[in-house]
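In: Structure for the following, please:
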Amino acid sequence: MFYSGISDEAGQAIDTQIAAHHELGWTHLELRMVDGKNITQIPDEAFDKVCAALDEACAQVSCFGSAIANWARPITIDPQVDIDDLKGAIPRMHKLDVPFIRVMSYPNDPDNPISEPEWRAESIRRMKELARIAEDGGVILAHENCSGWGGLSAENSNILLGEVDSPALKVVFDTGNPVTYGQDAWAYYQAVYDSIVYVHVKDAVKEADGSDTYCYCGEGQGYVREILHDLLSKGYDGGISIEPHLAAVIHTGQQADSAEQLYASYVEYGRRLMKIVDEVAL
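Out: Residues are numbered from 1 along each chain as shown. Below is the predicted model of the structure:
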């Protein structure tokens, strides 16, 4: 098992992201945004600078946090957008020896929704195409239990993986997302366990009024301790990657009050995660 984290939640500059992980004693980062742009979409020159910084720091990349099929790309979007994104990402993944690229499975369009059967069929069709590209490219799509048809329930996640039927489509399980989607995190985890290759740790509380409050890991309703204990007791040796959502939340547009607050909350989150792992691994 190794620690990682969606490093832009520590800061936008790659040097800041690396510094936070060095402070935690971690060798891996999960790259999503660098200077405000997704790692799959930054210009080649900027990507080369990221590679140089990582190489100088002896840092490894555990996953690309892409925008493929995510909350900002509904089922009505031109599928070529994601095809081009994945094809462009694969050479970058090879250059950095990255095994996984995080994807979702297309939310319905809130402005022009399609019927559930159509949504299901089109999501599966698109994911089959993306999985074929990933398989040919020697990378794995890590489907997150988040925005999209496959994230509506553990049952949908398993249907999606079963219908796509590709070794290039697996699960990144996020402990906090079930809370915000009104699901039971422990039940969801148990249902998809066999397909999990990577883990995101966030935590949250569903308030009485239906709103969500993100919190430090282990303080919410995401069963973080129980899930980590179960994973480790069964010999899980993959990445455990933090996504704090404390000072900033990318999908809601919430910004940190300061760069210092963003960085400090990220490092503290990492420290608390390590403390939990030490406790549950006993």
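In: what are the bridge partners for residue 37, then?
Out: residue 34 (DSSP bridges).
In: Could you check how far it is from residue 31?
Out: 11 Å (CB to CB, to the nearest Å). In this view, the C-beta of every residue, glycine as well, is placed from N, C-alpha and C.
In: next one: residue 38
Out: 9 Å.
In: okay, residue 26: pLDDT?
Out: In this model, residue 26 is scored at 98, pLDDT.
In: what sits opposite the spatially closest residue to it that is not a sequence neighbour in the beta ladder?
Out: In space, and not counting its chain neighbours, residue 26 is closest to residue 3: 4.7 Å by CB to CB, 6 or more residues apart in numbering. Taking DSSP bridges as the rule, residue 3 bridges to residue 240.
In: State the pLDDT value of residue 246.
Out: 89.
In: Could you report the neighbour count for it?
Out: Neighbour count for residue 246, taken as other CB atoms under 10 Å: 21.
In: ok, which stretches of this protein are helices?
Out: Secondary structure of the chain by DSSP state H: the helices cover 14-24, 44-57, 80-96, 116-137, 154-164, 177-180, 185-192, 224-233, 259-280.
In: Now do the second one and helix 80-96, the angle between them.
Out: I take that to be helix 44-57. 30 degrees (axes from the mean of the first three to the mean of the last three CA atoms, to 10 degrees).
In: Just the residues contacting helix 44-57, thanks.
Out: 14-15, 18, 22, 29, 31, 34-35, 37, 39, 42, 60-61, 92, 95-96 (CB atoms under 8 Å, 6 or more residues apart in numbering).
In: Over to the third one?
Out: With contacts defined as CB under 8 Å, 6+ apart, helix 80-96 is touched by 39-41, 47, 51, 54, 60-61, 64, 66-69, 73, 98-99, 101, 126, 129-130, 133-134, 137-139.
In: and if we set it to 6 Å?
Out: Residues from elsewhere that reach helix 80-96 (CB atoms under 6 Å, 6 or more residues apart in numbering): 40, 61, 64, 68, 69, 101, 130, 133, 137, 139.
In: would you turn these into JSON lines with neighbour count and pLDDT?
Out: Formatted as JSON lines, the contacts of helix 80-96 follow (neighbours: other CB atoms under 10 Å; pLDDT from 0 to 100):
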{"residue": "40", "neighbour count": "23", "pLDDT": "97"}
{"residue": "61", "neighbour count": "23", "pLDDT": "98"}
{"residue": "64", "neighbour count": "26", "pLDDT": "98"}
{"residue": "68", "neighbour count": "27", "pLDDT": "98"}
{"residue": "69", "neighbour count": "33", "pLDDT": "98"}
{"residue": "101", "neighbour count": "27", "pLDDT": "98"}
{"residue": "130", "neighbour count": "27", "pLDDT": "98"}
{"residue": "133", "neighbour count": "17", "pLDDT": "98"}
{"residue": "137", "neighbour count": "17", "pLDDT": "98"}
{"residue": "139", "neighbour count": "20", "pLDDT": "98"}
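In: Pull out the C-alpha coordinates of stretch 209-217 and format them as CSV.
Out: What follows is stretch 209-217, C-alpha atoms only, in CSV (Å, rounded to 0.1, in the frame of the first residue of the first chain):
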residue,chain,number,x,y,z
ASP,A,209,-31.3,19.9,5.4
GLY,A,210,-29.8,17.7,2.7
SER,A,211,-26.6,19.8,2.4
ASP,A,212,-23.1,18.3,2.5
THR,A,213,-20.3,19.2,4.9
TYR,A,214,-16.9,17.9,4.0
CYS,A,215,-14.7,17.1,7.0
TYR,A,216,-11.4,15.4,7.9
CYS,A,217,-11.2,11.7,7.1
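In: Sweet, I'm off.
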